[in-house]
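K.L.:
Test case, fold it:
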Amino acid sequence: MHFVAPAAHGPTPPVLETLCGDLLDPAVTEVLDGITGMPCVRCFACVPHAAAGPAGAARDRRRSA
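P.N.:
Next up, the predicted model:
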């Protein structure tokens, strides 16, 4: 599984570039509502880690206490 930054608006480009740099054909690409399975490690490394917010916030609170 790869991550692709969604286009702001307009038509789907003829080639989708993943966060890791791979090129995908939109005709054979499946769009998912969420993350399922194991993502490409290179793509995952490029995603902002906002999803880890609650654990990170709890860790920050412990440090400041």
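
K.L.:
what comes up buried for stretch 18-25?
P.N.:
Of the residues in stretch 18-25, 18-19 count as buried by neighbour count, 16 or more other Cβ atoms under 10 Å. No exception for glycine: its C-beta is placed from N, CA and C like everyone else's.

K.L.:
same check, this time on stretch 40-50
P.N.:
By neighbour count, and taking 16+ other Cβ under 10 Å as the criterion, the buried residues in stretch 40-50 are 43-44.

K.L.:
hmm, who's touching that stretch?
P.N.:
Taking contacts as Cβ atoms under 8 Å, 6 or more residues apart in numbering, the residues outside stretch 40-50 that touch it are 1-3, 18-22, 56.

K.L.:
can you redo those as JSON lines with distance to Glu30?
P.N.:
Compiled in JSON lines, those are given as follows (distance: Cβ to Cβ, whole Å):
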{"residue": "Met1", "distance to Glu30": "9"}
{"residue": "His2", "distance to Glu30": "11"}
{"residue": "Phe3", "distance to Glu30": "13"}
{"residue": "Thr18", "distance to Glu30": "13"}
{"residue": "Leu19", "distance to Glu30": "17"}
{"residue": "Cys20", "distance to Glu30": "17"}
{"residue": "Gly21", "distance to Glu30": "20"}
{"residue": "Asp22", "distance to Glu30": "15"}
{"residue": "Gly56", "distance to Glu30": "30"}
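
K.L.:
Check the residues you listed and tell me the two furthest apart.
P.N.:
Maximum pairwise distance among the contacts of stretch 40-50 (Cβ to Cβ): 28.5 Å, between Asp22 and Gly56.
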